[in-house]
Every structure is written in C-alpha cells, then in structure tokens.
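In: Next comes the sequence, and after it the predicted model I'd like to discuss.
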Amino acid sequence: MNIHTPFVPEVVTSTGWLLQLLLVMAMAIFSAAALCGSPVAAPSDSQLLQLMHGKQDNGRTIRLQKIVVCTPERTFLLWSTSDGVRSFFAPSSRIGRGVGDEYRILCRPADDPEGFAHGTKGARILATSPGRFLAFEWITFAEDASLGPNGPPVAAPEILNESPLPTWVEIEFLPGTGGTTLVDFRHYGFRDGELWSASQKWFTRAWQGVLEGLDRACQKERKVAHAPL
C-alpha cells in the first residue's frame, strides 16, 4: 500500500511515481465517497503535483515498526485526528481529512500557536486510506534552540520554510491477531550533509518515542475497555 515504490530504478525520481499512485488513490477515495452519497472534493492533478514536487527518496530513510493493541481502524484515527494525536503525540494539532489538507502538529501551542518554530506549519496530507494507510509531509528542523536537546536541529529560514516540504512520512496499519496492529513507519526525504544527518539521527530517536507513546495510549484504551463495570 506504500506510495513509495522501492522497486523503481534509481534513475527515476520518486516524484512521478508518487504522483501517479496518489492520483489513483485519491480518485478511488473520491469515487467511493460519491457512490455513498458523501460530498468530497477531489484533489486536482495540479494540487498533487505541487505537493510532490521536489520529494525524492535519497536512501536516508527512517524505518520503524511497532505492534500496538489497537485495531488498524483505531490506530489510524489516533494518527489522523486531533483527539487521537493528543493522546500520544502532541498537545495540539490541526488535521484535515483529505489529500492536500493540513497536517499541523503543535508541540508548544501556548508559545507557538501556529507551529512556526516547533511544529509543522505548512505540512499537508499526501494520502489517506482509513484503517490502512496515511502519508503526510513533515518538517525536520526547528526555528530556534529554545527546546535545547529536546528539540530537533535548528535550520536557517530558507531551509526550514522550503515549500513544498522535502520530507514525508508514510504509515501502514497492518492487522494482527487479537485486535492488534503492526505499525509500519517510514520517514523519507532526508538529504546529504551534516545538518540533515543530525536531523535524521534526532528524529530516529523521536519517532521511536512517539511509537512508544502510541503503544501506551492503546494499552490504556484496552484497559479501560476491559475494566469491570
């Protein structure tokens, strides 16, 4: 289900293949919604092309997996809704529903309510299939060093504010036994250079922590669901 296709020859940039697959997914979702009578705005070719411009898999990818005790449908909702994100990831967020909608994580909403310095202002949803798959853009640097070692490397504005954003996350939700889910997590698009290497190293640790938080949130929900009345 990944929109990234590792079998594509190296001489082909990932942008064209990602765009083709995103178009197929987006049109399928739109068609299904139309059949069910739900009003959904289909993303345009130009919108998807703009989102995918400049995105390439350079082989510097964070790859993680985690089994959690939530169903794929529930795990997807934890990643794709503000209430879900608040339970394990960040104190606040603004998350849309479809391709092109924002995926804005707010790490310090009181001090940085728009997510400029320590958030993902400008990040967009790239693909979504409820209970199965989610892809979104990501910002890999901070605007300032106010978080110290708890924050990612600081980058100059021209790097931090690049548009469209060069890195993206893909998460596949694979059903397991007993209502569990294998979360197959990938963060693509890290470039070469000391600053990018530092960011990849920092986010490898950070995403591991996020997945641990997801696991705790699912365990908590399961305990509540099975608690005696």
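Out: Ah, there it is.
In: For the rest of this, base every contact and every neighbour count on C-alpha atoms.
Out: Will do.
In: which residues in this protein form helices?
Out: Using DSSP state H, the helices of the chain run over 14-35, 45-52, 72-80, 82-86, 157-160, 194-225.
In: Distance from the longest one to the middle of the chain?
Out: Per CA atoms, centre = their mean, to the nearest Å, the displacement of helix 194-225 from the mean C-alpha position of its chain is 12 Å.
In: quick one: contacts for Glu114?
Out: Contacts for Glu114 (CA atoms under 8 Å, 6 or more residues apart in numbering) come out as Leu106, Lys121.
In: Compute the distance between it and Ser163, please.
Out: 17 Å (CA to CA, to the nearest Å).
In: Ala117 - nearest residue in space that isn't next to it in sequence?
Out: Glu143 (4.5 Å; CA to CA, 6 or more residues apart in numbering).
In: Kindly state the pLDDT recorded for the one you found?
Out: Among the per-residue scores, Glu143 holds a pLDDT of 92.
In: just checking, it touches Ile159?
Out: No: taking contacts as CA atoms under 8 Å, Glu143 lies outside contact range of Ile159: 9.9 Å.
In: Show me which of these two is the more surrounded one.
Out: Neighbours per residue (other CA atoms under 10 Å) separate Glu143 from Ile159, with Glu143 holding more: 20 against 15.
In: can you pull the contacts of that one?
Out: Phe116, Ala117, His118, Val154, Ala155, Ala156, Pro157, Leu160.
In: Going through these, which ones are buried?
Out: The neighbour-count criterion (16 or more other CA atoms under 10 Å) marks Phe116, Ala117, His118, Val154, Ala155, Leu160 among the contacts of Glu143 as buried.
In: a markdown table please, covering those and showing pLDDT and distance to Arg186.
Out: Output for the buried ones among the contacts of Glu143, formatted as a markdown table (pLDDT from 0 to 100; distance: CA to CA, whole Å):
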| residue | pLDDT | distance to Arg186 |
| --- | --- | --- |
| Phe116 | 81 | 24 |
| Ala117 | 82 | 24 |
| His118 | 86 | 21 |
| Val154 | 96 | 22 |
| Ala155 | 95 | 22 |
| Leu160 | 88 | 21 |
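In: Looking at those, which is nearest Thr75?
Out: Using CA to CA, His118 comes nearest to Thr75 of the buried ones among the contacts of Glu143, at 24.5 Å.
In: Could you measure from the closest residue to Phe133 other than its chain neighbours over to Pro152?
Out: Of all residues not flanking Phe133 in the chain, Glu172 sits nearest, at 4.6 Å (CA to CA, 6+ apart). Applying CA to CA, the value for Glu172 to Pro152 is 25 Å.
In: next one: Leu64
Out: Distance of Leu64 to Pro152, computed by CA to CA: 19 Å.
In: Which of the two has more residues huddled nearby?
Out: Taking neighbours as other CA under 10 Å, Leu64 and Pro152 compare with Pro152 leading, 23 against 15.
In: Just the pLDDT at that one, thanks.
Out: You'll see Pro152 listed with a pLDDT of 94.
In: contacting residues around it?
Out: Thr140, Phe141, Ala142, Ser199, Trp202, Phe203.
In: Quick check: phi and psi on the first one?
Out: It refers to Thr140. Dihedral angles phi and psi of Thr140 (degrees, to the nearest 10) take the values phi -110, psi 10.
In: Correct me if wrong: Leu160 contacts Trp138.
Out: No: using CA under 8 Å, Leu160 is not in contact with Trp138; the gap is 10.7 Å.
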